[in-house]
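Asker: Sequence first, then the predicted structure, then my questions.
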Amino acid sequence: MANSPSYYTRGSIEVWDFIRDQNLNYHLGCAIKYICRAGYKDSAIEDLKKAIHYLENELNHVVRSSNRVPKSVQYTELLDFEGETETFDR
């Protein structure tokens, strides 16, 4: 097993172990990774910008997903119409 860099092992738990323990998805895991290493590897500003990029991507995904019609509501039952209905040729 490879040794982890010091900027990922500063606390009592390694960053990737924390990400797994919390069952974080890819985008949230990357955000945590860049937040934890900010100021300890290369540019803190660049790492924080990367974290924000991943958080914005995750937020956009969550917003898009919440605007979808749940499958349980999508045409699961036949609708009863009173009166005449038109038939459309596809």
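Answerer: It's in. Numbers count the residues shown, from 1 in each chain.
Asker: From here on, just use CA atoms for contacts and neighbour counts.
Answerer: Fine.
Asker: quick one: low-confidence ranges for the chain?
Answerer: The chain contains residues with pLDDT under 70 at 1-2, 7-8, 69-90.
Asker: Count the neighbours of Cys30 for me.
Answerer: 21 (other CA atoms under 10 Å).
Asker: Distance check, it against Val63.
Answerer: From Cys30 over to Val63 the distance is 19 Å, taken as CA to CA, to the nearest Å.
Asker: Touching, Leu35 and Lys49? I think so.
Answerer: Not Leu; residue 35 is Ile. No - with contact defined as CA atoms under 8 Å, Ile35 does not reach Lys49; the gap is 9.4 Å.
Asker: OK, contacts around the nearest residue to Thr9 once chain neighbours are set aside?
Answerer: Take Thr9 and drop its neighbours on the chain: the residue closest to it by CA to CA, 6 or more residues apart in numbering is Val15, 6.8 Å away. By CA atoms under 8 Å, 6 or more residues apart in numbering, Val15 lies in contact with Tyr8, Thr9, Ile32, Lys33, Cys36.
Asker: Report the distance from the one helix or strand Cys36 maps to to the chain centre.
Answerer: Element membership of Cys36 [criterion: DSSP states H and E] is helix 26-37. Centroid separation between helix 26-37 and its chain, computed with CA atoms, centre = their mean, to the nearest Å, is 11 Å.
Asker: what angle sits between the longest helix along the chain and helix 26-37?
Answerer: Once the chain is assigned using DSSP state H, the helix that runs over the most residues is helix 44-66. Orientation note: helix 44-66 sits at an angle of 160 degrees relative to helix 26-37 (axes from the mean of the first three to the mean of the last three CA atoms, to 10 degrees).
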